[in-house]
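In: Turn this into a model:
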Amino acid sequence: MDEQNPAMESNFRTSFQAEIASNQRKSWALIAVVLVVLSALIYIIAAVYTGGTSVAFLIFGLLFSGIYIGTTYFYGDQIVLSTTGAKPINARDPKHLLLKNTVENLAFAARLPKTPDIYVIESDALNAFATGRDPQHASIAVTSGLLNTMDRNELEGVIAHEMSHISNYDIRFSLLVACMVGLIAILSHMFLRSMMFSGGNSSDRKGNILPLIIIGVILAIFAPIIVRMVQAAVSRKRESLADASGVKLTRYPEGLASALEKIKNQENRKDAPKLNVSEAESHLFFSDPVKSPLDGLFATHPPLEERIKTLRAM
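Out: Prediction:
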């Protein structure tokens with residue numbers, strides 16, 4: 001990105017804004033799909049267990065889902081910080097002070113209304129994440145391993161990436177979708193288990209509701225898979241955008257590329273340290289800490305090699 005060329009800078013800014021707008025449209029489309037699937041699942045469960053359409057049961061299910069999603073939306077960030085073992089920084093520690101200064105400087109550069117709260121996770125793994133519901137209620141957490149391994153430019157690259165997730169409202173999207181996807185998985189699991197143990201005989205009117213049971217079983221099996229695949233595709237796009245947005249803040253692609261290379265080298269080691277993180281939380285992190293044979297379908301991050309190559313081509 002050549003700062004001396006106004007035309008090139010203008011084209012980059014236009015392209016960048018168009019990419020953000022496209023990402024937002026896809027994100028809202030995903031949320032709409034998830035809401036439709038969730039509503040359909042609740043409707044089918046209500047119909048199966050009441051022997052037909054029960055408006056009261058359906059309303060109760062939707063109300064429960066709304067309370068679940070609302071609670072997760074407002075308190076999900078604190079739950080994530082707690083379950084990952086994140087602790088507030090110690091301002092007397094020189095490494096923590098460097099982190100604090102880096103976050104404050106980049107928050108100013110990103111024009112955030114408030115500096116995110118800062119946390120450290122005691123782990124040798126090299127990673128970080130941002131969470132919260134909006135830039136006014138955001139937090140950034142990094143591992144002690146990342147603080148001890150990265151130089152200043154690399155640390156700035158990582159923090160700029162996470163700062164971009166905050167300024168682009170990716171943190172809100174992640175919280176909303178994670179709680180809805182999680183709720184679909186819970187409802188699907190409960191429905192399938194109830195069908196397995198009851199043999200589908202939960203109603204004397206089994207003959208009348210058999211088509212609904214079949215539809216419900218199919219939906220319960222495939223809904224979590226479909227939603228996770230779409231979620232992963234949008235999430236990968238957001239990670240790529242956060243890399244580019246982070247570089248826009250630091251004006252130094254090599255800092256982020258070098259940080260990713262160090263992470264890749266650590267993850268390729270047989271004795272690589274692991275973060276104690278659940279699959280539900282892994283999409284929040286700078287680099288996915290949970291590896292799975294199904295990453296080809298459900299990977300929430302582009303491959304590290306691809307991210308490094310893209311950054312070094314800037």
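In: from here on, contacts and neighbour counts on C-alpha atoms
Out: Will do.
In: Would you map the helices across the stretch 1-150 of the chain?
Out: 6-50, 55-83, 94-109, 144-149 (DSSP state H, counting those that start in this stretch).
In: between those helices, which gets nearest to M195?
Out: For the helices of the stretch 1-150 of the chain, the distance to M195 is smallest for helix 6-50, at 10.1 Å, taking Cα to Cα.
In: what about L311, neighbour count?
Out: Applying other Cα atoms under 10 Å, we find 20 residues neighbouring L311.
In: How about the contacts made by it?
Out: By Cα atoms under 8 Å, 6 or more residues apart in numbering, the contact list for L311 reads D243, A244, P253, E254, L256, A257.
In: if you set the cut-off to 6 Å instead, what comes out?
Out: L311 makes contact with P253, A257, according to Cα atoms under 6 Å, 6 or more residues apart in numbering.
In: quick one: it and A244, what's the gap?
Out: Relative to A244, L311 is positioned 8 Å away (Cα to Cα, to the nearest Å).
In: likewise A91?
Out: 30 Å.
In: Which of the two has more residues huddled nearby?
Out: The neighbour count for A91 versus A244, taken as other Cα under 10 Å, is higher for A244 (22 against 12).
In: packing partners for the helix or strand the more buried one falls within?
Out: Per DSSP states H and E: A244 is located in helix 206-250. Applying 3 or more Cα pairs under 6 Å, 6 or more residues apart in numbering; DSSP states H and E, one finds that helix 206-250 contacts helix 152-167.
In: go again using 10 Å as the cut-off
Out: helix 6-50, helix 94-109, helix 152-167, helix 170-198, helix 253-267, helix 295-298, helix 304-312 (3 or more Cα pairs under 10 Å, 6 or more residues apart in numbering; DSSP states H and E).
In: Kindly compare burial across these and name the winner.
Out: Mean neighbour count (mean count of other Cα atoms under 10 Å) peaks for helix 152-167 among those, with a mean of 26.
In: what's that one packed up against?
Out: Contact analysis of helix 152-167 by 3+ Cα pairs under 10 Å, 6+ apart lists helix 94-109, strand 128-134, strand 137-143, helix 144-149, helix 170-198, helix 206-250, helix 253-267 as its packing neighbours.
In: tilt between that helix and helix 253-267?
Out: 100 degrees (axes from the mean of the first three to the mean of the last three Cα atoms, to 10 degrees).
In: May I see the helices and strands packed on helix 206-250 arranged in CSV, with distance to T84 as well?
Out: Listed next are the helices and strands packed on helix 206-250 as CSV, based on distance: least, Cα to Cα, whole Å:
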stretch, distance to T84
helix 6-50, 26
helix 94-109, 18
helix 152-167, 17
helix 170-198, 15
helix 253-267, 19
helix 295-298, 22
helix 304-312, 23
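In: got those helices as TSV, with mean pLDDT columns?
Out: Below are these laid out as TSV (pLDDT from 0 to 100):
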stretch	mean pLDDT
helix 6-50	70
helix 94-109	96
helix 152-167	96
helix 170-198	80
helix 253-267	96
helix 295-298	67
helix 304-312	93
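In: Please consider this matter closed, and thank you.
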